[in-house]
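**Student:** Sequence below, structure please.
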Amino acid sequence: MIIVESIEQLSHNPFKSPFALIPTMGNLHSGHINLLNLASNKNYNPVVSIFVNPLQFGPSEDLETYPRSLEQDLEILKEHNCHGVFVPKQEEILKNIENLIAPMSNKLCSKSRPGHFDGVITIVNRLFEVTKPEACVFGMKDFQQQLIIKHLIRQKKYEIEFLSAPTERDKNGLALSSRNNYLQEREKIEASVIFKSLSDMGSELKLLSQTNKKNFLTELESIQKKYTKKIEEQGFEIDYLELSDPETLEKFEFNSNRILIAIAVFFKKVRLIDNLVIDLASS
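**Tutor:** Numbers count the residues shown, from 1 in each chain. Below is the predicted model:
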């Protein structure tokens, strides 16, 4: 496994083409390994970057306490036949960086985390510039992030294939996240109600669209309110629970047969996100 720690080392093309970049902030779990495996299955050499991005954290967020486990991460990547790892220094990445503004700044996570996605695409763009990958891999759990990175690739005219990996979940359905480390095991089980609620909501929406399409849009708000109340009653503080067009994140208007159910909650002071895309036309 090739470990690169500076941009200067990248100038010698240490990674064998074609390779796929998998940007991470470390503290790796099996969801990250799925991204690595997807790259390999698509015949790309997987290259993981580990960089805790200070630009994507707000002033009251958990930058200082964000879990860091570099030695363990490197062992995990080696065990899973990762081709290469890029572990840059903060000052080198941030030097003379081009600050970008993310689209969809009034949607979903952007509403309560202003500037978050500006920080994300600024750093991802920098990683693309210095590593020059042929592909990149991102997970579906961060659905809004996926749309924004795809926009970046189009905007910058990068010849980078975008690979999307399904959300990895624990045995109870909780979407895997490095922030799950803040939760006790009992709390993780309690948090599985998030995915169950999304699944139940999806089933209800699909049934409604097939049996009462005429009134579908008028019923959306009441379904949204019902599940908001259900989730709040179980001890969650809801940041948002939105029903959106999965291409634009605009309010769902039946321009498509696909609907995105996206949620962000605070549970035991931990912010958790999840989503499901429902095909209303499927049986």
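**Student:** Contact partners for the closest residue in space to Ser192 that isn't next to it in sequence?
**Tutor:** Distances taken as C-beta to C-beta, 6 or more residues apart in numbering put Asn172 closest to Ser192, at 3.7 Å, once the chain neighbours are dropped. Where C-beta positions appear, they are placed from N, C-alpha and C, glycine not excepted. Listed by C-beta atoms under 8 Å, 6 or more residues apart in numbering, the contact set of Asn172 reads Lys188, Ile189, Ser192.
**Student:** tally of neighbours for the residue lying closest to Pro166 once chain neighbours are set aside?
**Tutor:** In space, not counting the residues next to it along the chain, Pro166 is nearest to Met140; the distance is 5.5 Å by C-beta to C-beta, 6+ apart. Other residues within reach of Met140, judged by other C-beta atoms under 10 Å, total 18.
**Student:** Distance check, Met140 against Ala175.
**Tutor:** Separation of Met140 from Ala175 (C-beta to C-beta, to the nearest Å): 9 Å.
**Student:** Let me know the secondary structure of the residue nearest to Ser192.
**Tutor:** Under DSSP: H, G, I helix; E, B strand; the rest coil, the three-state class of Asn172 is coil.
**Student:** before we move on, what about Asn181?
**Tutor:** Per three-state DSSP, Asn181 ends up helix.
**Student:** Neighbours of it, how many?
**Tutor:** Residues near Asn181, counting by other C-beta under 10 Å: 13.
**Student:** In contact with the residue lying closest to it once chain neighbours are set aside: list those residues for me.
**Tutor:** Leaving aside its chain neighbours, Asn181 sits nearest to Pro67 (5.2 Å; criterion: C-beta to C-beta, 6+ apart). Applying C-beta under 8 Å, 6+ apart, we find Pro67 in contact with Gly26, Asn27, Ser178, Asn181.
**Student:** for these, which one is nearest Pro88?
**Tutor:** Gly26 (12.1 Å; C-beta to C-beta).
**Student:** The closest one is in contact with Ser49, isn't it?
**Tutor:** No. Contact criterion C-beta atoms under 8 Å: Gly26 and Ser49 do not qualify, at 9.5 Å.
**Student:** Report the buried residues of the helix or strand harbouring Phe128.
**Tutor:** Per DSSP states H and E, Phe128 falls inside helix 116-131. Residues of helix 116-131 classed as buried: 116-128, 130-131 (neighbour count, 16 or more other C-beta atoms under 10 Å).
**Student:** Then stretch 145-153?
**Tutor:** For stretch 145-153, by 16+ other C-beta under 10 Å, it's Gln145, Gln146, Leu147, Ile148, Ile149, Leu152, Ile153.
**Student:** Please enumerate residues in contact with that stretch?
**Tutor:** Residues contacting stretch 145-153 (C-beta under 8 Å, 6+ apart): 100, 102-104, 117, 120-121, 124-125, 128, 136, 138-140, 158, 160, 162, 164, 247, 249.
**Student:** Now the contacts of Pro67 in a markdown table, please, with extra columns for secondary structure and distance to Val87.
**Tutor:** As requested, these are exported to a markdown table (DSSP: H, G, I helix; E, B strand; the rest coil; distance: C-beta to C-beta, whole Å):
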| residue | secondary structure | distance to Val87 |
| --- | --- | --- |
| Gly26 | coil | 9 |
| Asn27 | coil | 13 |
| Ser178 | helix | 16 |
| Asn181 | helix | 20 |
